[in-house]
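Predicted model and sequence follow; I will ask about them next.
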Amino acid sequence: MEALLLALAGCSGADVVSILQKKRADLRAFRVEVVGERRDEHPKRYSAITLRYHVSAPGLGEEHARRAIDLSLEKYCSVTHSLAKDIAVRYELLLNA
């Protein structure tokens, strides 16, 4: 189960870094934390997943960082699209510009 969370964080994280680099963001540091909430009954699958993106890029506006994350989660990340539709995928952005 933890491997699934790591796959999602890795896939989306790689997308976000690639998108920000293409936008010529001065990316100094980047990391993704991920937490999953599981059902109490069997099968104890995830009901919600929260990704926390830590981005350090001088001059990068919040709207540009959020756009990169949205593109990853809505369009590019194949892991996101492999999850059941009823799993809520949320994110938080901690931007240190």
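Looks like it came in fine.

what's the distance between the helix or strand hosting Y91 and the middle of its chain?
For Y91, the element it lies in under DSSP states H and E is strand 88-96. Distance of strand 88-96 from its chain centroid, counting by Cα atoms, centre = their mean, to the nearest Å, is 7 Å.

That one packs against which elements?
Under the contact criterion of 3 or more Cβ pairs under 8 Å, 6 or more residues apart in numbering; DSSP states H and E, strand 88-96 touches strand 46-56, helix 62-71. Where you see a C-beta, it was placed from the backbone N, CA and C, and this is true even at glycine.

And for it, what's in contact with it?
8, 29, 47-57, 60, 62, 65-66, 69, 73, 80, 83 (Cβ atoms under 8 Å, 6 or more residues apart in numbering).

What of stretch 2-15?
Under Cβ under 8 Å, 6+ apart, the answer for stretch 2-15 is 30-36, 46, 49, 51, 53, 68-69, 71-73, 76-80, 83, 89.

Among the residues you listed, name the buried ones.
32, 34, 36, 46, 49, 51, 53, 68-69, 71-73, 76-77, 79-80, 83, 89 (16 or more other Cβ atoms under 10 Å).
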